[in-house]
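Colleague: Structure for the following, please:
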Amino acid sequence: DFERPQRRRAVHWIMLASVFVNSVVALPTSAQSEASGSRHASVGESGMTTKTLQRSESEVTEKEMSVSHTSSQVTLCGGACSQYSPNKIDYHDEDVAVFQNIMNETACCDLCVAHNANVAVGENTGNTNTNCTIAVWHGPGHWACNLKATADSPFDSTVVVALQPIPAPPVVPIRFASIYTDHVVLQAAPARAILWGFANVGESDHIKVTVTPLGASVTASLSPLPVGSSYADKWIWRAVLPPINATFDAQTVTVSVGEATASIIDVLFGDVFVCGGQSNMEYSVNGSNGATIKHPPINDSLTEIATMRESRYSAVRLIRSGHNDVKTPALELPLPAQGGEPFGPVVGWTQPCFTANGSETCRVDVSALCWLFGRNVFNALSDVGRPRPIGMIQSCWSGSPDEAWSTAEGLRKCGKPETETNGGMFNGMIVPLLNTTIKGAIWYQGESDSSHPAGVGGYNCTFPTMVDSWRSSWSEGTSGETDPSFPFGFVQLNSFTNGSVYDNPSGAGNLSSPFAPGFAGLRWSQTSGHGYVPNAAQPNTYMAVAFDTPDSPIPTPINGVPGADPGFGVHSPFKQPTAARLARAAVNTIYGISVDTVGPIHGDVTRTVDGRGLIVAVQQFGKGVLPLRTSRGFEALVNDVWVSVLVTSYSQSFVTIPNVPAAATKLRYAWYENPCGYGCFECAVYVAVEPLGNWSGEFGFLPLAPFMLEL
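Modeller: Below you'll find the model as predicted:
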């Protein structure tokens, strides 16, 4: 289930903020034999194989051109489908299969496949002789999923797999944007929190925002909606609150105009973080990526869920945004209880566990790393007498490359061609947050970019450029209330595949480069070729080393299915050590809480006195280097071969490799997809540290980060 870079663009029935139009065609399976072009297998997020057909732009029919260029509506077409015009789809028609909360072409394909499988065994209701196929495109030349090449002939017995329109945002006199719901955490002083939403009032009407019982009151400003917006609202209102100190006292925030009001309750003021990335960030406590179980639960999940129930964590609030990959900037996130694709509806801000209608719900649908990080930061601040609420905004998507999360301008700076600069997830899942003041962000991503750590459009450029674009965009969107250099933390890639064999691999050509394709090169590019952060290219940045917590080496169950996870994958269930390491670095970087080290890094490498070996200095060594856990891990480049050289001794701040060939020109450490073995914590070099608290996953040691150096 290795994640390949796949750009999945949602099929939207509601066009948010002038979203580019998509078209859906339903055609009978029998017509597939007429298709032209080449087909190849692809695997969507669900793991189900579908077929992709590719054709050159010149092969697009006139009818397809007219459909795909429709400027304001989603269009269904193709023979018998033509009766279903954009605004006249009869969702009760026996030839229309309707599925709620499905906004993704891969999910739509899966439903079609399931429909046909049921037809084959006569289990479908209605016309059991009717198969369906789907064509989805986003303009000339881009298709996916069981596509028939032409759409200009009528077909009989066609089933339209239709995506039920998500209700349009309500047009009311005044409302909050969807990021602001009951139980929200707003950014506390010294920054000022910003609130905004939609209004349908006169331009001269007075809009007031109040915070009670604190008593703060401000007047909101009005601005018109962007040109071309599909929203029917007249105005966007925006209010900048005065600096409000962190408080655990629940507030009510009300926006009012005339007799019309809207309120959100149980509002806290504290520090707000955004959690971004791909599946290792999206991996939730129960092993889902929202609502669909995809992985084993995280390690010791029942204990972690029990911890979520503790009353002290009611001030750690969570929200999970829905998936939204769009060509132009969206105005807001999908409304709570809507969107989210097959991974479940969006859920507004809540406590980790809450009771509604007599039933308890624990947020096992949210990112485990996001929750554990927020919990650890909350504990660390409480332990030093500086308690404050913590708000965590999850906005991530499995399988996504970092390019999807960046601005077009940033991607162009890294040499990306114009055709590859549509940051659809930035548009759909970050832009709606840019007017909300935040404290910082954390990031776990890179698996989908491991094929290009460097070079034109390489990760060593796109990643720091993405961070820069987030910082500048958030600062601009909040009028400077969000720090233009806000702290940004990330996880260095975990391990993948089985353990390394250190069998003297070739170092010829680019295989001697620290930026060679693969997880090792990607880890190096995550630090812009330094091996540590912060550095000149990545200021105010911190990271957690995670490659010593690999996935299970044996098959494990998923959702009760034995062996569904084959092991050795990219999705480690051991999120607690990663979260503890990242939070340790965060509280030191952001809040100045003293730690003996945030993690050891390499220092200078010198020859031993006898000239036969090497001494590697270990910086940020905490309480000192611990006894070596294995002698393997270091390799020297000798005549274009990476020769394994054994480390045999250590001191407080050094390790010694006694025998290194004199002809060696480079030294590297832990330079494999899985450099340390089958189990957790099996790397060679660790340093002792003083734990910050009784956090799950926090131990008295941290691993040396990987590196490659010239000798």
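Colleague: Next one: Ala636 from Trp671, what distance?
Modeller: Distance, Ala636 to Trp671, by CB to CB, to the nearest Å: 11 Å. Where C-beta positions appear, they are placed from N, C-alpha and C, glycine not excepted.
Colleague: Pro484 too?
Modeller: Relative to Trp671, Pro484 is positioned 35 Å away (CB to CB).
Colleague: Give me the more crowded residue out of those two.
Modeller: Applying other CB atoms under 10 Å to Pro484 and Trp671 shows that Trp671 carries more neighbours, namely 25 against 13.
Colleague: Ends of stretch 508-527, what's the gap?
Modeller: Taking CA to CA, to the nearest Å, the first and last residues of stretch 508-527 lie 24 Å apart.
Colleague: about what we covered before: overlap of the contact sets of Ala636 and Trp671?
Modeller: Shared contacts of Ala636 and Trp671 (CB atoms under 8 Å, 6 or more residues apart in numbering): Trp642.
Colleague: Ala705 - that's part of a helix, no?
Modeller: No: counting by DSSP: H, G, I helix; E, B strand; the rest coil, Ala705 is located in no helix; its state is coil.
Colleague: now the strands for the stretch 501-650 of the chain?
Modeller: For the stretch 501-650 of the chain, the strands defined by DSSP state E, counting those that start in this stretch cover 541-544, 556-558, 561-565, 601-607, 614-619, 634-638, 641-645, 649-650.
Colleague: which one of those strands is the most hemmed in?
Modeller: Between these, strand 541-544 has the highest mean count of neighbours, a mean of 25, where neighbours are mean count of other CB atoms under 10 Å.
Colleague: Which strands and helices lie in contact with that strand?
Modeller: Strand 541-544 sits against strand 488-491, helix 575-591, with contacts defined as 3 or more CB pairs under 8 Å, 6 or more residues apart in numbering; DSSP states H and E.
Colleague: Now tabulate the ones you listed in JSON lines and tack on mean pLDDT and mean neighbour count.
Modeller: What follows is the helices and strands packed on strand 541-544, written out as JSON lines (pLDDT from 0 to 100; neighbours: other CB atoms under 10 Å):
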{"stretch": "strand 488-491", "mean pLDDT": "98", "mean neighbour count": "26"}
{"stretch": "helix 575-591", "mean pLDDT": "98", "mean neighbour count": "24"}
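Colleague: In a markdown table: those, plus distance to Thr252.
Modeller: Conversion of the helices and strands packed on strand 541-544 to a markdown table gives the following (distance: least, CB to CB, whole Å):
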| stretch | distance to Thr252 |
| --- | --- |
| strand 488-491 | 33 |
| helix 575-591 | 29 |
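Colleague: Let me know which of the ones you listed is the nearest to Leu318.
Modeller: When these are ranked by proximity to Leu318, the top entry is helix 575-591, at 14.0 Å, counting by CB to CB.
Colleague: and the lengthiest helix in the chain, what other elements does it pack with?
Modeller: Across the chain, the helix with the greatest residue count (assigned by DSSP state H) is helix 459-477. If contacts are counted by 3+ CB pairs under 8 Å, 6+ apart, helix 459-477 sits against helix 408-413, strand 488-491, helix 519-526.
Colleague: For Pro389, see how far away Asn245 is.
Modeller: Going from Asn245 to Pro389 by CB to CB gives 11 Å.
Colleague: of these two, who's got more company?
Modeller: Set side by side, Asn245 and Pro389 show unequal neighbour counts under other CB under 10 Å, the larger going to Pro389 at 23 against 11.
Colleague: Ala564 against Ile558, yeah?
Modeller: Yes: between Ala564 and Ile558 there is a contact under CB atoms under 8 Å: 3.6 Å.
Colleague: pLDDT on the longest strand along the chain, on average?
Modeller: Counting by DSSP state E, the longest strand found in the chain is strand 260-277. Strand 260-277 shows a mean pLDDT of 98.
Colleague: switch to numbering from 620
Modeller: Noted, 620 is the first residue going forward, which turns the last one into strand 879-896.
Colleague: Just the buried positions in it, please.
Modeller: When burial is assessed from 16 or more other CB atoms under 10 Å, strand 879-896 yields the following buried residues: 879, 881, 883, 885-896.
Colleague: can you give me the helices for the protein?
Modeller: Using DSSP H, helices in the chain cover 681-687, 724-739, 898-901, 920-927, 987-1002, 1027-1032, 1043-1044, 1078-1096, 1138-1145, 1194-1210.
Colleague: for Thr1168, phi and psi?
Modeller: phi -130, psi 70 (degrees, to the nearest 10).
Colleague: Check Pro1246 too.
Modeller: Dihedral angles for Pro1246 - degrees, to the nearest 10 - are phi -50, psi 140.
Colleague: Beta-bridge partners for the residue lying closest to it once chain neighbours are set aside, please?
Modeller: With CB to CB, 6 or more residues apart in numbering as the criterion, Pro1246 has its nearest non-adjacent residue at 7.1 Å, and that residue is Tyr1269. Beta-bridge pairing of Tyr1269 under DSSP bridges involves Val1274.
Colleague: hmm, back to that, out of the helices of the chain, deepest packed?
Modeller: Mean neighbour count (mean count of other CB under 10 Å) peaks for helix 898-901 among the helices of the chain, with a mean of 28.
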